[in-house]
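>>> 3D model of this:
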Amino acid sequence: MKSNSQPIKLFLVVAFSCTSLLVSLIPVLAKSTDDSSVSDAYGGLRLRSNPKTTLAQATTFNQPQLPPGPAPGGRVRGGAKRGGGCKLSKLDLTALVPFTEEANSVINVWGQTTEERPSWFFYVPYTKDLPYAVKFVVQDQNSNDIYQKAIALPDKPGVIRVSLPTTAPALALNKQYNWFFTINCDQQKNSPPTFVQGVIQRVKLNPATVKELRMTDPLKRYAIYAQNGIWYEALTILAQLRQKNPQDAALQAQWRNLLSSIHLDDIAAQPILSDKP
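The predicted structure is shown next:
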């Protein structure tokens, strides 16, 4: 018996040590599954996505088909030219709206809203130190102005918001309206203005979707509007979220994704300017 006691003791010591080591590692292993970063299969680090990030990455804008009837046409970029009176800039005046290009190079600028008085967003490359006259106009199908307003140029180049006020007539359901954003850079008006234009149509969502919108948070509302092809509300909600949380990487990524989906990647990095009273 004496000759076998030493190996048995050694085995027990080793077994006890391994058990202790495993117990001590359990909290570390458990913590690693809760950390914000985990190793991928290639040994690198990837962020563990939270629900908001996952939602933002998964959301895409479903652009609806053009309505039947004459093509809406339109212009998504101003295209200022040398000699036209406007100061040349790296980026043109741009409307943040979806558009399609036909085989014959005809551009159709058209988007949907559910609001009686929606908001438009434009990238404006010019600043208030320039003596340019800016105007925003909304017309009905008979080319009658239902709203027009002189717009003040911003302090710096960036994305501005223009909204229909409560004093303006409400957009009627299933009616199309033309809108124009015009910058006249030539005080003598010898040169044509630079402008963007398009068509907006107010539509109605089904009751189940409306109920869901009322019961959820802004980021989820953005996703619902985007997935249902409602451009104006999707863009407005995301712009407001970005203004409130300018350092949020997930919102920045979603903003880039949204504008990339309508081929405006170059505008995604431009600042969203605060609304003026």
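>>> which residues of this structure score low on pLDDT?
1-58, 80-84, 276-277 (pLDDT under 70).
>>> all helices of it, in order?
Under the criterion DSSP state H, the chain contains helices at 2-34, 51-58, 207-214, 218-227, 231-244, 249-261.
>>> Now for residue 63, how many residues are close by?
Residue 63 is flanked by 17 other residues according to other C-beta atoms under 10 Å. Using the backbone N, CA and C atoms, a C-beta is placed for each residue, glycine as well.
>>> make that residue 93, sorry
25.
>>> Next: residue 174.
Here the number of neighbours of residue 174 (other C-beta under 10 Å) works out to 10.
>>> now do residue 228
20.
>>> what does residue 253 give?
Neighbour number of residue 253 under other C-beta under 10 Å is 14.
>>> how close does it sit to residue 238?
Distance of residue 253 to residue 238, computed by C-beta to C-beta, to the nearest Å: 11 Å.
>>> Run through the bridge partners of the nearest residue to residue 193 once chain neighbours are set aside.
Counting by C-beta to C-beta, 6 or more residues apart in numbering, residue 193 lies nearest to residue 184, which is 4.2 Å off, once chain neighbours are set aside. Applying DSSP bridges to residue 184 gives these bridge partners: residue 133.
>>> so what's residue 260 up against?
Neighbouring residues of residue 260 by C-beta atoms under 8 Å, 6 or more residues apart in numbering: residue 268.
>>> again, but for residue 272
Contacts of residue 272 (C-beta under 8 Å, 6+ apart): 121, 158, 159, 239, 242, 243.
>>> try it again with 10 Å
Shown in contact with residue 272 (C-beta atoms under 10 Å, 6 or more residues apart in numbering): 96, 121, 123, 158-161, 238-240, 242-243, 246, 255.
>>> what's the neighbour count on residue 262?
For residue 262, using other C-beta under 10 Å, the count is 19.
>>> Report how many residues lie close to the residue lying closest to it once chain neighbours are set aside.
In space, and not counting its chain neighbours, residue 262 is closest to residue 98: 4.5 Å by C-beta to C-beta, 6+ apart. Residues contacting residue 98 under the criterion other C-beta under 10 Å number 23.
>>> Now do the same contact list for residue 268.
Counting by C-beta under 10 Å, 6+ apart, residue 268 has contacts 96, 159, 252, 253, 255, 256, 257, 258, 259, 260.
>>> 8 Å - rerun?
Residues near residue 268 by C-beta under 8 Å, 6+ apart: 255, 256, 259, 260.
>>> Same check on residue 255?
238, 239, 242, 268 are the contacts of residue 255 under C-beta under 8 Å, 6+ apart.
>>> can you pick the most crowded of the residues you listed?
Going by other C-beta under 10 Å, residue 238 tops the contacts of residue 255 with 26 neighbours.
>>> how much space is there between that one and residue 259?
10 Å.
>>> Spit out the contact partners of the residue nearest to residue 135 when sequence neighbours are not counted.
The shortest distance from residue 135 to any non-neighbouring residue, by C-beta to C-beta, 6+ apart, is to residue 182 (5.0 Å). Applying C-beta under 8 Å, 6+ apart to residue 182 gives the contacts 134, 135, 136, 137, 193, 194, 195.
>>> One more: residue 258?
By C-beta under 8 Å, 6+ apart, residue 258 lies in contact with 59, 61, 226, 234, 235, 238.
>>> which of those residues sit farthest apart?
The span of the contacts of residue 258, defined through C-beta to C-beta, is set by 59 and 235 at 12.4 Å.
>>> Neighbour count: those two, which is higher?
Applying other C-beta under 10 Å to residue 59 and residue 235 shows that residue 235 carries more neighbours, namely 28 against 21.
>>> From residue 131, how far out is the more buried one?
The value you get for residue 235 to residue 131, if C-beta to C-beta is used, is 30 Å.
>>> tally of neighbours for residue 68?
Residue 68: 5 neighbours (other C-beta under 10 Å).
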